[in-house]
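Chemist: For reference, the sequence and a predicted model appear below.
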Amino acid sequence: MIEVVSDVNEILNRYEKSSESLIAVLQEIQEKYHYLPEESLKYVSEQLKVPLTQVFAVATFYNAFSLQPKGKYVIQVCMGTACHIKGAPVLLEELKSILNVEEHEVTKDGLFSVETVRCLGCCSLAPVISISGRVYGNLKPENIEGIIKSLKK
Ligand code: FES
(Lines give C-alpha, C1' and ligand atoms only; values in the text may rest on other atoms or scores of the structure.)
Protein backbone atom coordinates (compact mmCIF):
# COMPACT_ATOMS: atom_id res chain seq x y z
CA MET A 1 0.00 0.00 0.00
CA ILE A 2 2.74 2.48 0.99
CA GLU A 3 4.64 1.70 -2.20
CA VAL A 4 1.53 2.27 -4.31
CA VAL A 5 0.82 5.61 -2.60
CA SER A 6 4.39 6.75 -3.15
CA ASP A 7 4.29 5.71 -6.82
CA VAL A 8 0.92 7.38 -7.34
CA ASN A 9 2.14 10.54 -5.60
CA GLU A 10 5.04 10.69 -7.99
CA ILE A 11 2.56 10.53 -10.88
CA LEU A 12 0.09 12.98 -9.32
CA ASN A 13 2.86 15.55 -8.80
CA ARG A 14 3.09 15.98 -12.53
CA TYR A 15 -0.59 16.91 -12.91
CA GLU A 16 -3.09 19.51 -11.78
CA LYS A 17 -5.11 18.22 -8.84
CA SER A 18 -8.40 18.24 -10.73
CA SER A 19 -10.83 15.85 -12.38
CA GLU A 20 -9.38 16.78 -15.77
CA SER A 21 -6.20 14.90 -14.89
CA LEU A 22 -8.03 11.67 -14.09
CA ILE A 23 -7.56 9.78 -17.37
CA ALA A 24 -3.91 10.76 -17.78
CA VAL A 25 -3.14 9.74 -14.19
CA LEU A 26 -4.93 6.40 -14.61
CA GLN A 27 -3.00 5.81 -17.85
CA GLU A 28 0.31 6.26 -16.04
CA ILE A 29 -0.73 3.96 -13.21
CA GLN A 30 -1.84 1.34 -15.75
CA GLU A 31 1.51 1.67 -17.51
CA LYS A 32 3.45 1.24 -14.28
CA TYR A 33 1.56 -1.72 -12.83
CA HIS A 34 -0.06 -3.16 -15.98
CA TYR A 35 -3.36 -2.76 -14.13
CA LEU A 36 -5.06 -0.36 -11.70
CA PRO A 37 -4.61 -1.54 -8.10
CA GLU A 38 -7.73 -0.82 -6.06
CA GLU A 39 -5.82 1.21 -3.46
CA SER A 40 -4.48 3.44 -6.23
CA LEU A 41 -8.03 4.25 -7.36
CA LYS A 42 -9.05 5.21 -3.82
CA TYR A 43 -5.99 7.39 -3.43
CA VAL A 44 -6.51 9.09 -6.80
CA SER A 45 -10.13 9.72 -5.87
CA GLU A 46 -9.07 11.48 -2.64
CA GLN A 47 -6.27 13.47 -4.21
CA LEU A 48 -8.15 14.66 -7.30
CA LYS A 49 -11.37 15.10 -5.32
CA VAL A 50 -13.29 12.94 -7.78
CA PRO A 51 -15.92 10.58 -6.35
CA LEU A 52 -14.69 6.97 -6.24
CA THR A 53 -17.72 5.85 -8.27
CA GLN A 54 -16.61 8.19 -11.06
CA VAL A 55 -13.04 6.89 -10.91
CA PHE A 56 -14.34 3.30 -11.18
CA ALA A 57 -16.66 4.31 -14.02
CA VAL A 58 -13.72 5.65 -16.03
CA ALA A 59 -11.50 2.70 -15.08
CA THR A 60 -14.07 0.19 -16.30
CA PHE A 61 -15.23 2.12 -19.38
CA TYR A 62 -11.95 2.15 -21.31
CA ASN A 63 -10.47 -1.10 -22.63
CA ALA A 64 -7.00 0.28 -22.04
CA PHE A 65 -7.58 0.00 -18.29
CA SER A 66 -7.73 -3.21 -16.31
CA LEU A 67 -8.73 -3.83 -12.72
CA GLN A 68 -7.08 -7.26 -12.89
CA PRO A 69 -3.30 -7.69 -12.87
CA LYS A 70 -1.87 -8.25 -16.35
CA GLY A 71 1.54 -9.29 -17.60
CA LYS A 72 4.04 -6.93 -19.16
CA TYR A 73 3.04 -8.67 -22.40
CA VAL A 74 -0.69 -9.21 -22.84
CA ILE A 75 -1.32 -12.10 -25.21
CA GLN A 76 -4.70 -11.99 -26.91
CA VAL A 77 -5.77 -15.14 -28.70
CA CYS A 78 -8.42 -14.44 -31.32
CA MET A 79 -11.37 -16.77 -30.95
CA GLY A 80 -13.41 -15.26 -33.78
CA THR A 81 -14.93 -17.66 -36.29
CA ALA A 82 -12.10 -17.65 -38.85
CA CYS A 83 -9.41 -18.14 -36.19
CA HIS A 84 -11.46 -20.73 -34.33
CA ILE A 85 -11.86 -22.82 -37.49
CA LYS A 86 -8.15 -22.55 -38.25
CA GLY A 87 -7.02 -23.82 -34.88
CA ALA A 88 -7.12 -20.98 -32.32
CA PRO A 89 -8.22 -23.32 -29.50
CA VAL A 90 -5.05 -25.39 -30.02
CA LEU A 91 -2.92 -22.21 -29.93
CA LEU A 92 -4.59 -21.21 -26.68
CA GLU A 93 -3.88 -24.61 -25.12
CA GLU A 94 -0.26 -24.44 -26.28
CA LEU A 95 0.18 -20.97 -24.76
CA LYS A 96 -1.38 -22.00 -21.46
CA SER A 97 0.82 -25.06 -21.33
CA ILE A 98 4.08 -23.25 -22.18
CA LEU A 99 3.37 -20.37 -19.80
CA ASN A 100 1.75 -22.54 -17.13
CA VAL A 101 -1.20 -20.16 -16.67
CA GLU A 102 -4.93 -20.16 -17.21
CA GLU A 103 -6.78 -17.40 -19.01
CA HIS A 104 -6.56 -14.04 -17.15
CA GLU A 105 -3.68 -15.26 -15.00
CA VAL A 106 -0.21 -13.70 -14.96
CA THR A 107 2.96 -15.78 -15.18
CA LYS A 108 5.03 -15.91 -11.99
CA ASP A 109 7.69 -13.65 -13.50
CA GLY A 110 4.99 -11.07 -14.27
CA LEU A 111 5.86 -11.11 -17.97
CA PHE A 112 2.80 -12.63 -19.62
CA SER A 113 -0.95 -12.87 -19.28
CA VAL A 114 -3.32 -14.60 -21.67
CA GLU A 115 -6.82 -13.61 -22.70
CA THR A 116 -9.19 -14.40 -25.56
CA VAL A 117 -10.87 -11.86 -27.81
CA ARG A 118 -13.44 -11.87 -30.61
CA CYS A 119 -11.92 -11.05 -34.01
CA LEU A 120 -8.78 -8.93 -34.14
CA GLY A 121 -9.84 -7.66 -37.56
CA CYS A 122 -7.28 -9.51 -39.67
CA CYS A 123 -9.15 -12.75 -40.43
CA SER A 124 -7.15 -13.42 -43.61
CA LEU A 125 -4.16 -14.11 -41.31
CA ALA A 126 -6.08 -16.60 -39.16
CA PRO A 127 -5.27 -17.98 -36.73
CA VAL A 128 -4.01 -14.81 -35.11
CA ILE A 129 -2.69 -13.73 -31.74
CA SER A 130 -1.78 -10.24 -30.65
CA ILE A 131 0.94 -9.57 -28.10
CA SER A 132 0.80 -6.07 -26.62
CA GLY A 133 -0.57 -4.77 -29.90
CA ARG A 134 1.72 -6.66 -32.31
CA VAL A 135 -0.14 -9.16 -34.51
CA TYR A 136 1.21 -12.64 -35.27
CA GLY A 137 -0.68 -14.42 -38.06
CA ASN A 138 -0.87 -17.81 -39.78
CA LEU A 139 0.32 -19.37 -36.56
CA LYS A 140 0.90 -23.00 -35.80
CA PRO A 141 1.23 -24.34 -32.26
CA GLU A 142 4.93 -25.06 -32.89
CA ASN A 143 5.53 -21.30 -33.49
CA ILE A 144 4.42 -20.31 -30.00
CA GLU A 145 7.50 -21.34 -28.04
CA GLY A 146 9.84 -19.33 -30.30
CA ILE A 147 7.71 -16.20 -29.97
CA ILE A 148 7.67 -16.47 -26.19
CA LYS A 149 11.44 -17.06 -26.07
CA SER A 150 12.12 -14.03 -28.27
CA LEU A 151 10.06 -11.82 -25.95
CA LYS A 152 11.89 -13.09 -22.87
CA LYS A 153 15.25 -11.92 -24.27
S1 FES B 1 -11.57 -14.10 -36.55
FE2 FES B 1 -9.55 -13.88 -35.86
S3 FES B 1 -8.95 -12.03 -36.79
FE4 FES B 1 -11.00 -12.23 -37.37
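Modeler: Happy to help now that I have it.
Chemist: Please count neighbours and contacts with C-alpha atoms only from this point.
Modeler: OK.
Chemist: which parts of the protein sit against the ligand?
Modeler: Within the chain, the positions near the ligand by Cα under 6 Å from any ligand atom are 78-83, 119-123, 126-128.
Chemist: who wins for neighbours among those residues?
Modeler: Val128 (29 neighbours; other Cα atoms under 10 Å).
Chemist: give the contact list for that residue.
Modeler: 77-78, 83, 88, 120, 122, 135-139 (Cα atoms under 8 Å, 6 or more residues apart in numbering).
Chemist: so how far is Val117 from the residue nearest to it when sequence neighbours are not counted?
Modeler: In space, and not counting its chain neighbours, Val128 is closest to Gly137: 4.5 Å by Cα to Cα, 6 or more residues apart in numbering. Going from Gly137 to Val117 by Cα to Cα, to the nearest Å gives 15 Å.
Chemist: Which one of those two is surrounded by more residues?
Modeler: For Gly137 versus Val117, the count of surrounding residues by other Cα under 10 Å is larger for Gly137: 16 against 13.
Chemist: wait, isn't that one in contact with Ile131?
Modeler: No. Using Cα atoms under 8 Å, Gly137 is not in contact with Ile131, being 11.2 Å away.
Chemist: Since that was my last question, I'll sign off now.
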